[in-house]
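A.B. asks: Structure, please.
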Amino acid sequence: MTYQQTLDYLYSQLPMFHRIGKAAYKADLNNSLHLSQYLGNPEKKFRSIHIAGTNGKGSVAHMLASVFQEAGYKTGLCTSPHLKDFRERFRINGEMMPRDFLMKFVEKHKPFFQKIQPSFFEMTIAMTFDYFAREKVDVAIIETGLGGRLDSTNIITPELSIITNIGLDHTNLLGDTIEAIAFEKAGIIKDSVPVVVGKTRMGARKVIEERARECHSEIFFADEEYTVMNPAGIFENNSPLLRVSLKGKGKTREMISSLTGTYQFENICTVATAVDIINQQSRYKIAENSFSQGLKNTVINTGISGRWQLLSKNPTVICDTGHNPDGIEKVLENIAGIQFEKLHFVLGMMADKDVSEILKFLPKKNTTYYYCKPEVPRGLNVDTLLRYATEKGMTGSSYQSVTDAYKAAVNNANNNDLVFIGGSSFVVAEVV
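C.D. replies: Purely as a prediction, here's the structure:
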């Protein structure tokens, strides 16, 4: 098979959550365990750090990978979903998996896939683990796909577990309360493996602490270890950066991050706490310079995109992948921090999100909406989105595609206006 034929096989034969939603979700680890055994348990051949959470886990994963790269370690990074290229999901020191490896892996193991019928994500994770093992990475930063307890990645025993935060998302699969979702996320905690929690609500904290006690795992809350002070946006070589003072117990660090959204404050504290625990309790050693350079070079080192990303100026055009109530709320905090005359908001969503809950957060005054549907089956019909939004008192028009909506927003905007693109990772994927 050619590379494109290989991708077509993966997309068409293996059920994909981001395309069809709940029907692709496997609520057990059976296939993941079968695949692991078949491949010779590759996840046991490298060391790892495991990251779950409702929001922020992707940013934290990329930051940590960048820090380990700067420290000189051969670093694997496993994230999802991808925005442009399927191979974004698996990188080593920032480089995507070679096409040749992907093609040979699928061709060789396709008979076994057809036998056990894994989901797209189950197959993807099996391939990732096999790739990292064959390439002998020093450490792999592994982001969960959905939840934690029953996520396909949860067959690893990591050096450190990280839970970034807990919020309401995927409630049809993970539960409709903070406590229920916390239970699923806390499922990544393993016996005697320390866990870092970024920020969580009280109900979630109790659940996570109980799981940590059961596992005899030491727990650290990042927002009790560090505080971000004196944040300031700066430009260096025409690239936006975020400068902060990171105040910890008895020390203050001056840091620069290439991920600039204000919600990164929480993620920076999480990474700082993780680095402290890694230095204290693991065989890895992260020098202070490696930590600071890792934060500053996250975008360059890992290729992350879509996180409060500046696309152009005059007018200012920004996109962000926030897609649930907590994520959208953070996006709006960032929008509120920008001076502009009028907001042009390109908006598309997934049909299985709590659309009404998200729309109630969105601004109405001085804002024009450009409604669209991303090119995935799970995308919310644009006429349905328009109807919901109109009922909420929002003003805008529907467009046939994300590209059409984006072009209309930019064409209608004056130089002092702000164009924002968001509501879903898959909307952002069509503009970055």
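A.B. asks: Please make it C-alpha for all contacts and neighbour counts, starting now.
C.D. replies: Fine.
A.B. asks: Can you find the helix or strand in this protein with the smallest mean pLDDT?
C.D. replies: Least confident helix or strand, the chain: helix 17-20 with a mean of 51, by mean pLDDT, DSSP states H and E.
A.B. asks: For the next helix or strand after that one, which outside residues touch it?
C.D. replies: For helix 17-20, the following helix or strand on the C-terminal side (DSSP states H and E) is helix 30-38. With C-alpha atoms under 8 Å, 6 or more residues apart in numbering as the test, helix 30-38 has contacts from Pro42, Glu43, Ile116, Pro118, Glu122, Met123, Ala126, Ser152, Ile155.
A.B. asks: Give the buried residues for helix 30-38.
C.D. replies: Using 16 or more other C-alpha atoms under 10 Å as the test for burial, helix 30-38 gives Asn31, Ser32, Leu33, His34, Leu35, Ser36.
A.B. asks: Stretch 228-245 now?
C.D. replies: Of the residues in stretch 228-245, those buried (16+ other C-alpha under 10 Å) are Val228, Pro231, Pro240, Leu241, Leu242, Arg243, Val244, Ser245.
A.B. asks: Phe183 reaches Lys206, doesn't it?
C.D. replies: No: judged on C-alpha atoms under 8 Å, Phe183 makes no contact with Lys206 at a distance of 9.8 Å.
A.B. asks: Neighbour count: those two, which is higher?
C.D. replies: Between Phe183 and Lys206, Phe183 has the larger neighbour count (other C-alpha atoms under 10 Å), namely 22 against 15.
A.B. asks: what's the nearest residue to the more buried one if we skip its chain neighbours?
C.D. replies: Of all residues not flanking Phe183 in the chain, Val207 sits nearest, at 6.1 Å (C-alpha to C-alpha, 6 or more residues apart in numbering).
A.B. asks: And the contacts of the helix or strand hosting that neighbour?
C.D. replies: Using DSSP H and E, Val207 sits within helix 202-214. Residues from elsewhere that reach helix 202-214 (C-alpha under 8 Å, 6+ apart): Ile166, Ile178, Glu179, Ile181, Ala182, Phe183, Ala186, Gly187, Ile189, Val195, Glu218, Ile219.
A.B. asks: hmm, try it at 6 Å
C.D. replies: Outside helix 202-214, the residues that touch it by C-alpha atoms under 6 Å, 6 or more residues apart in numbering are Ile178, Glu179, Ala182, Ala186.
A.B. asks: Name the nearest residue to Leu10, ignoring sequence neighbours.
C.D. replies: Phe120 (6.6 Å).
A.B. asks: Tell me, how many residues neighbour Thr120?
C.D. replies: Slight slip there: residue 120 is Phe, not Thr. Neighbour count for Phe120, taken as other C-alpha under 10 Å: 19.
A.B. asks: is it true that it touches Leu14?
C.D. replies: Yes: Phe120 lies in contact with Leu14 (C-alpha atoms under 6 Å); the separation is 4.7 Å.
A.B. asks: Which strand or helix spans the residue nearest the centre of the chain?
C.D. replies: The centre of the chain sits closest to Gly58, judged by C-alpha atoms, centre = their mean, with a distance of 2.9 Å. Using DSSP H and E, Gly58 maps to helix 57-70.
A.B. asks: what's the answer for Thr124, then?
C.D. replies: With DSSP H and E as the test, Thr124 turns up in helix 120-134.
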